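In: no sequence on this one, just coordinates:
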């Protein structure tokens, strides 16, 4: 169903839609791929690690969902365009996309980050979504004519982020890119939003906590709900933003942070 004004609560939230999920091998992306399939979408998963992608696709198919995967370097334009084309080739069109792929940085002051690490964070966290949005918008224009895109930002983009300064800077830039795209492509009925997760139990966060024990507990102490999110809780917010039930929402960075920013 492509009618963006539909509010049929009897169908899955993404029933009938074709969805692309990047960074889909683990964490929030894997949770989103599983959720989108349960909500009725046909899903194409993209990331760099084939073994992870294959495992998530097998899980989805075992529950009766429709999914496939493509290995993709999300910082390389040709690879990203091929992934988007694969969704159209497989399913005939593209309706929605969740640009979730991201990379972290070694925590620490700005002057301690190496130039190669800086370039990698910028390539994946900013250039990657820019490449993806360009290809996704072209595919939506050519097929479904209207659709929605959600980018994964971070609550760390909304404040000073001395432990992860370049990561936070790329996510703040992504917020700006999201807003600009929303204004540009809204007249074409393409909605573009972002989710800004707070403390979320992903592999990236657990690795940080392993290097700096107590990190998760400290972040939880700053969160009114007093706990970290499960990846599916962030995926649920993305699914709503991509669905027809959010048909008048665009240009928004939706915090999914347990109240951390409110506090």
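Out: Cool, got the structure. Here the structure is a predicted model, which is why all the values come from computation and not from measurement.
In: The longest strand seen in the chain packs against which elements?
Out: Scanning the chain for the strand with the most residues, using DSSP state E, yields strand 190-197. Helices and strands touching strand 190-197, by 3 or more Cβ pairs under 8 Å, 6 or more residues apart in numbering; DSSP states H and E, are helix 128-142, strand 147-152, helix 165-185, helix 231-242, strand 253-256. From N, CA and C alone the C-beta is placed, and that goes for glycine too.
In: Just put those in CSV and tack on mean pLDDT, mean neighbour count and distance to residue 17.
Out: Conversion of the helices and strands packed on strand 190-197 to CSV gives the following (pLDDT from 0 to 100; neighbours: other Cβ atoms under 10 Å; distance: least, Cβ to Cβ, whole Å):
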stretch, mean pLDDT, mean neighbour count, distance to residue 17
helix 128-142, 97, 21, 11
strand 147-152, 98, 28, 8
helix 165-185, 97, 19, 18
helix 231-242, 98, 23, 8
strand 253-256, 97, 20, 19
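In: Out of the ones you listed, which is closest to residue 25?
Out: Ranking the helices and strands packed on strand 190-197 by proximity to residue 25 (Cβ to Cβ) places helix 231-242 first, at 12.1 Å.
In: Now do residue 29 against residue 251, distance only.
Out: Distance, residue 29 to residue 251, using Cβ to Cβ, to the nearest Å: 23 Å.
In: More neighbours: which of these two?
Out: In this comparison of residue 29 against residue 251, neighbours counted by other Cβ atoms under 10 Å, the higher total goes to residue 29 at 30 against 16.
In: Show the contacting residues for the more buried one.
Out: Shown here is residue 29, whose contacts under the criterion Cβ atoms under 8 Å, 6 or more residues apart in numbering are 21, 22, 23, 45, 47, 98, 100, 101.
In: Pull the most distant pair out of these.
Out: Across these, the two members that end up farthest from each other (Cβ to Cβ) are 47 and 98, 12.1 Å apart.
In: the more surrounded of these two?
Out: More crowded of residue 47 and residue 98, by other Cβ under 10 Å: residue 98, with 30 against 26.
In: Within its sheet, name the partner strands of whatever helix or strand the more buried one lives in and how each one runs.
Out: Using DSSP states H and E, the element containing residue 98 is strand 96-99. In the sheet containing strand 96-99, the strands it pairs with under DSSP bridges are strand 18-22 (parallel), strand 147-152 (parallel).
In: out of the helices and strands packed on strand 190-197, which comes closest to residue 66?
Out: helix 231-242 (15.9 Å).
In: Can you pull out the low-pLDDT segments for this structure?
Out: Counting by pLDDT under 70, the ranges of the chain that qualify are 1-10, 263.
In: what residue lies at the spatial centre of it?
Out: In the chain, the centroid-proximal residue (Cα atoms, centre = their mean) is residue 100; its distance is 2.5 Å.
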